[in-house]
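Q: Structure for this input, please:
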Amino acid sequence: MTVRSADVVVWGATSAGVCAAVAAAEAGAQVLLPEPGMHLGGMTSGGLGYTDVGDPRVVGGLAGRFRRAVADRYGVGVGTWAGPEPRVAEAIFLDWLESAGVELVTGAALGGVDAADGRICALRLADGTTVSAPVFVDAGYEGDVLAGAGVPYAVGRESRALHGERWAGRQEIRPGRHSMPDWVSPFRDDPSGLDDGPLLDQLRPGPLAPVGSGDGGVMAYGYRVCLTTAPDRIPFRRRAGYQDAHWELGRRLFDRWARCHVEPRAGDLLGLEPNLPGGKCDANSLGPFSLNVLDGSAWEYPDAGPDRREELRLHHLHHAEDLLWFLANDPAVPAGVRTELARWGLPPDEFTDSGHLPHQLYVREGRRMTGEVVLTEHDLLGTRRWCDVVAMGSYHLDVREVQRTWQWEPEHPRPVATVVNEGYFSVPVPPYPIPYRAIVPRFEDCANLLVPVCVSASQVAFSSIRMEVQYQMLGHAAGLAAATAAASGRSVQAVDVVALQARLCDEGQVLSL
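A: So this is what the prediction gives:
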């Protein structure tokens, strides 16, 4: 068995993990950064090229440094592009780690967490290596280290009654761009929706929970694919496991739109705007039938084991690959959509070791730590003041669709079944502070762990905090705090927050407007 040690161990080379590792190393700590995959940067380099900034005035520290590094790579002003090409984002992060002297270990799957007396002693990697440190940072999207250490956490939607939040729990079925039109039958053998029977693929079986109840629903995951119109683009391919029957829901949707004289554009489904350098785009999930997987598989992912997670990841990856083929080739898809998709393909210089599809599943939410402070929508909408602010957020409360299911609609002379998408909403918030206590556990739960991704927040509040720039800023704060705790021998809860805030301000972090 190999035993490794460092001053600070940062688990997960997401953008938060990279920023935490760099911040700790630049503060003088010896840092080890184990990453279960073979790439670094998480979603920032894994397909989410379009950066959801919110109010740019709050973006500082290492997040601001990253934006400047992107601009310098392209020789343009900050904010000229919506974000970098994936390979450029990863290259910037790799340069940062090398310059800071961080030791990155890829392919380091987590085997377990050794904890005793309210402290993490070591991480056990799947290859038998044991990694120890005085202080740990869990920067993974899933929160595996915090869960392994016995830190309490929540998954999915809570009831509105828990925190008195207007936007919590199961949502009403509302019209909108992300909603299904009425009268798309969910039944495989009955397009009329009158006779109950087996459901189409891509639906979560009902019934819906009562409005406002906490059903544990997790917002949809998907892959944010990078596309290009360049002459050397790689055409979409029909995967060996592609199944025509799986896409019957899409055919019925397009048929319903045609009956309503709606002519969808390809951009209404994928957002085909060349918003990245090199004529590339970051395809997103914009309509009721998209790259998001709405069959409820995301609900299972956060607490699933490694083998099941891999099955779910492939399920999402195959959905993305097959959707592109379906939209570009199926005769039921409107000719205008197919014609537009024919102009696009996969970029040959991106994701070269994963079939030119992203290496990172968009885990929009995983576990959420239950810490001393649990941020709620009231803290974000009401701009509550905190004495221990370490970063600011500003993006909307942004919950993507949680499920696609069906319900009976009361019609004369008999009810009709119709497919519904449920869960989406987007609500503006003013710039708001994020306190240090939201990224550390309670002392009695764990004294040497910081959590800049799976922060202590309700599902509603987390829907805003979950943006990559905010992860970068929280990673910066976590890294500095980890280095301080390791050097002093104190718990992360006992870090001198006033001194931490001063150091963050010196390094460009924005703590107030």
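
Q: mind listing what's buried in the longest helix along the chain?
A: Using DSSP state H, we find that the single longest helix of the chain is helix 306-329. For helix 306-329, burial by neighbour count (16 or more other CB atoms under 10 Å) applies to 309, 312-313, 316-328. No exception for glycine: its C-beta is placed from N, CA and C like everyone else's.

Q: Next: stretch 235-242.
A: Phe236.

Q: What lies in contact with it?
A: Where contact means CB atoms under 8 Å, 6 or more residues apart in numbering, the residues beyond stretch 235-242 that reach it are 318, 321-322, 324-325, 328-329, 341, 345-346.

Q: Centre of the chain to stretch 214-225, how far?
A: Distance of stretch 214-225 from the chain centroid (CA atoms, centre = their mean, to the nearest Å) equals 9 Å.

Q: now swap in stretch 463-475 and tell me
A: Distance of stretch 463-475 from the chain centroid (CA atoms, centre = their mean) equals 10 Å.

Q: cool, stretch 286-302 as well?
A: Computed by CA atoms, centre = their mean, the chain-centroid distance of stretch 286-302 equals 12 Å.

Q: Show me what the helix or strand following the longest helix of the chain packs onto, helices and strands only.
A: In the C-terminal direction, the helix or strand that comes right after helix 306-329 (DSSP states H and E) is helix 335-341. Secondary-structure packing of helix 335-341 (3 or more CB pairs under 8 Å, 6 or more residues apart in numbering; DSSP states H and E): helix 266-270, helix 306-329.

Q: avg pLDDT for helix 335-341?
A: What helix 335-341 shows for mean pLDDT is 96.

Q: hmm, who's touching it?
A: Outside of helix 335-341, the residues within contact range by CB under 8 Å, 6+ apart are 236, 263-267, 269, 272, 324, 327-330.

Q: got those residues as CSV, with pLDDT and distance to Val31 columns?
A: As requested, these are exported to CSV (pLDDT from 0 to 100; distance: CB to CB, whole Å):
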residue, pLDDT, distance to Val31
Phe236, 97, 41
Glu263, 93, 54
Pro264, 94, 48
Arg265, 92, 47
Ala266, 93, 44
Gly267, 90, 43
Leu269, 92, 42
Leu272, 89, 40
Leu324, 98, 39
Leu327, 98, 44
Ala328, 98, 45
Asn329, 98, 48
Asp330, 98, 49
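
Q: of the residues you listed, closest to Ala477?
A: Compare each of those with Ala477 using CB to CB and the shortest gap goes to Leu272, at 36.5 Å.

Q: The closest one and Asp282 touch, don't they?
A: No - with contact defined as CB atoms under 8 Å, Leu272 does not reach Asp282; the gap is 10.0 Å.

Q: So for these two, which residue has more residues nearby?
A: Neighbour count, other CB atoms under 10 Å: between Leu272 and Asp282, Asp282 has more, with 25 against 21.

Q: So which residue is dead centre in this structure?
A: Centroid-nearest residue in the chain, with CA atoms, centre = their mean: Arg364, separated by 2.8 Å.

Q: secondary structure class for the residue lying farthest from the centre of the chain?
A: Distance from the centre of the chain peaks at Pro413, with 44.6 Å (CA atoms, centre = their mean). Under DSSP: H, G, I helix; E, B strand; the rest coil, the three-state class of Pro413 is coil.

Q: Next one, pLDDT for it please.
A: At Pro413 the predicted local distance difference test score is 93.

Q: distance of the nearest residue to Pro134 once chain neighbours are set aside from Gln30?
A: Closest residue to Pro134 in three dimensions, ignoring its sequence neighbours and counting by CB to CB, 6 or more residues apart in numbering: Ala486, at 4.5 Å. As judged by CB to CB, to the nearest Å, Ala486 and Gln30 stand 9 Å apart.

Q: neighbour-wise, which of those two wins?
A: Between Ala486 and Gln30, Ala486 has the larger neighbour count (other CB under 10 Å), namely 25 against 17.

Q: Quick check on that one: phi, psi?
A: Torsion angles at Ala486 (phi, psi; degrees, to the nearest 10) stand at phi -60, psi -40.

Q: Which residue ranges of the stretch 51-200 of the chain form strands?
A: Per DSSP state E, counting those that start in this stretch, the stretch 51-200 of the chain carries strands over the ranges 103-106, 110-116, 119-125, 130-132, 135-138, 153-154.

Q: Point out the most buried one among these.
A: Comparing the strands of the stretch 51-200 of the chain by mean neighbour count (mean count of other CB atoms under 10 Å), strand 135-138 ranks first with a mean of 32.

Q: any idea how far Pro152 is from Asn448?
A: In terms of CB to CB, Asn448 sits 17 Å off from Pro152.

Q: the more surrounded of those two?
A: Legend: neighbour count by other CB under 10 Å for Asn448 and Pro152, higher for Asn448 (25 against 14).

Q: which residues does the more buried one contact?
A: Contacts of Asn448 (CB under 8 Å, 6+ apart): 119-120, 134-136, 485, 491-492.

Q: Tell me where the stretch 251-400 of the chain has strands.
A: Under DSSP E, counting those that start in this stretch, the stretch 251-400 of the chain gives strands at 280-282, 368-369, 389-393, 397-399.

Q: what lines up beside the third one in the sheet?
A: This means strand 389-393. Partners of strand 389-393 in the sheet, by DSSP bridges, are strand 432-435 (antiparallel).

Q: Quick check: what element follows the partner strand along the chain?
A: Where DSSP H and E defines the elements, the next helix or strand beyond strand 432-435 is strand 449-450.

Q: other SSEs contacting that following strand?
A: Checking 3+ CB pairs under 8 Å, 6+ apart, strand 449-450 ends up next to strand 135-138, helix 468-488.

Q: ok, and the closest non-adjacent residue to Pro205?
A: Leu199 (6.5 Å).

Q: doesn't Val419 make contact with that neighbour?
A: No - with contact defined as CB under 8 Å, Leu199 does not count as touching Val419 (9.4 Å).

Q: where does the longest helix of the chain sit relative to the chain's centre, distance-wise?
A: The chain centre lies 16 Å from the centre of helix 306-329; the measure is CA atoms, centre = their mean.

Q: quick one: contacts of it?
A: For helix 306-329, contacts defined as CB under 8 Å, 6+ apart pick out 109, 221-223, 225, 236-239, 241-242, 246-247, 250, 266, 269-270, 290-291, 293, 297-298, 300-301, 304, 333, 337-338, 341-342, 357, 361.

Q: Now do that helix against strand 110-116, angle only.
A: Angle, helix 306-329 to strand 110-116, by axes from the mean of the first three to the mean of the last three CA atoms, to 10 degrees: 140 degrees.

Q: do you know which of the helices and strands packed on strand 449-450 lies nearest Glu85?
A: Of those, nearest to Glu85 by CB to CB is helix 468-488, at 15.0 Å.

Q: So for that closest one, mean pLDDT?
A: 98.

Q: Pull out the buried positions in that helix.
A: For helix 468-488, the neighbour count (16+ other CB under 10 Å) marks 468-486 as buried.

Q: Give me the distance between the helix or strand just after it and the centre of its chain.
A: Remark: after helix 468-488, the chain's next helix or strand is helix 497-506, criterion DSSP H and E. Offset of helix 497-506 from its chain centre (CA atoms, centre = their mean): 28 Å.

Q: Tell me what angle helix 497-506 forms with strand 389-393.
A: Put simply, helix 497-506 runs at 50 degrees to strand 389-393, going by the same axes, to 10 degrees.
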